[in-house]
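Colleague: model this:
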Amino acid sequence: MSSRAEFPVKPVLDGTVALVTGASSGIGAATAAALAAQGAAVALAARRRDRLDAVAAGIRDQGGTALVLECDITDERQAADAVERAVAGLGRLDTLVSNAGVMLLGPAAGAPLAEWQQMVGLNVSGLLYCAHAALPHLLRAAADGPRRVADMVNISSTAGRVARNGSGVYSLTKHGVGAFSESLRQELATRYVRVSLVEPGATATELAGHNRPEVLDGIRAQFGQRMEAGDIADAITYIVTRPRHVAVNEILIRPTEQER
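Modeller: The predicted model follows:
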């Protein structure tokens, strides 16, 4: 009897292209590697070219295809250009993972207004710029692509479910991502562009490290057990590898010990 090794299983995403924002580290980097392992050619978008090059090298070392897109998606033109460069360089676009984001917490009274503007600019406007530019390509992929389905995965947070003291503007942005995602899901459902929302709890990434020192001390005291970036990448991979007739609309994922 022939061994299974003689009949290798074709990767689910073979022949497709994914664009991942915030791909230079953390959840974005882990997701890019996970999607490449499923056969997708992956476009990596972020500001830090050196980190993108390292992620791309790791993917290529495993036999995958990676395209580096150095850009700042808070700039409308750069976001649209990143999408077009992904399509031009890799031939199409089947999956968009909007992961780029920033979390700046602390009391509203006395908070630097620039922090609020930064969160709205990246978490909301940057995501919208990428979605707007990607939609025509995702609709095309759903109509004539190898899987006849396309995916937009928007990364939110547990803060997109419940607003808490000290996270007002961050929660504002993540609640907005949830509302946009659900509306778009309804609009595109019958056209087979699946729109999914992923809401991670405490995860060991660079996200918290951008806070002011006095705020960071409080964050460290608040969170105990953390998930790894790969845990969230697993959830995203599960979403986009479902068969055409299955849509995973939303995943809320926390460390086991996280109560809120």
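
Colleague: what strand or helix carries the nearest residue to residue 229 once chain neighbours are set aside?
Modeller: In space, residue 229 comes closest to residue 30 once its chain neighbours are excluded; the distance is 4.0 Å by Cβ to Cβ, 6 or more residues apart in numbering. C-beta coordinates here come from the backbone N, C-alpha and C atoms, glycine included. Secondary-structure assignment from DSSP states H and E places residue 30 in helix 26-37.

Colleague: contacts for the helix or strand following that helix, please.
Modeller: Using DSSP H and E, the helix or strand that follows helix 26-37 in sequence is strand 41-46. The set of residues that contact strand 41-46 without belonging to it, under Cβ atoms under 8 Å, 6 or more residues apart in numbering, is 16-25, 28-29, 32, 35-36, 52, 55-56, 59, 64-71, 73, 82, 85-86, 89-91, 100.

Colleague: ok, now stretch 177-193?
Modeller: 123-124, 127-128, 131, 135, 138-139, 142-143, 148-152, 154-156, 160-161, 194-197, 199, 244, 247, 249.

Colleague: in it, what counts as buried?
Modeller: With burial defined by 16 or more other Cβ atoms under 10 Å, the residues of stretch 177-193 counted as buried are 177, 178, 180, 181, 184, 185, 188, 192, 193.

Colleague: can you check stretch 139-150 too?
Modeller: 140, 141, 142, 145, 147, 149, 150.

Colleague: now the helices for this structure?
Modeller: Listed from the start of the chain, the chain has helices (DSSP state H) covering 26-37, 49-61, 76-90, 113-119, 127-144, 168-188, 213-222, 229-240.

Colleague: least reliable of those going by mean pLDDT?
Modeller: Comparing mean pLDDT over the helices of the chain, the weakest stretch is helix 213-222, at a mean of 60.

Colleague: about what we covered before: dump the buried residues of stretch 139-150 to a markdown table, plus distance to residue 173.
Modeller: Supplementary listing: these in a markdown table, determined by distance: Cβ to Cβ, whole Å:
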| residue | distance to residue 173 |
| --- | --- |
| 140 | 29 |
| 141 | 28 |
| 142 | 28 |
| 145 | 31 |
| 147 | 31 |
| 149 | 28 |
| 150 | 25 |
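
Colleague: I'd like to know which of the residues you listed is nearest to residue 109.
Modeller: Ranked by distance to residue 109 (Cβ to Cβ), those are led by residue 150 at 44.0 Å.
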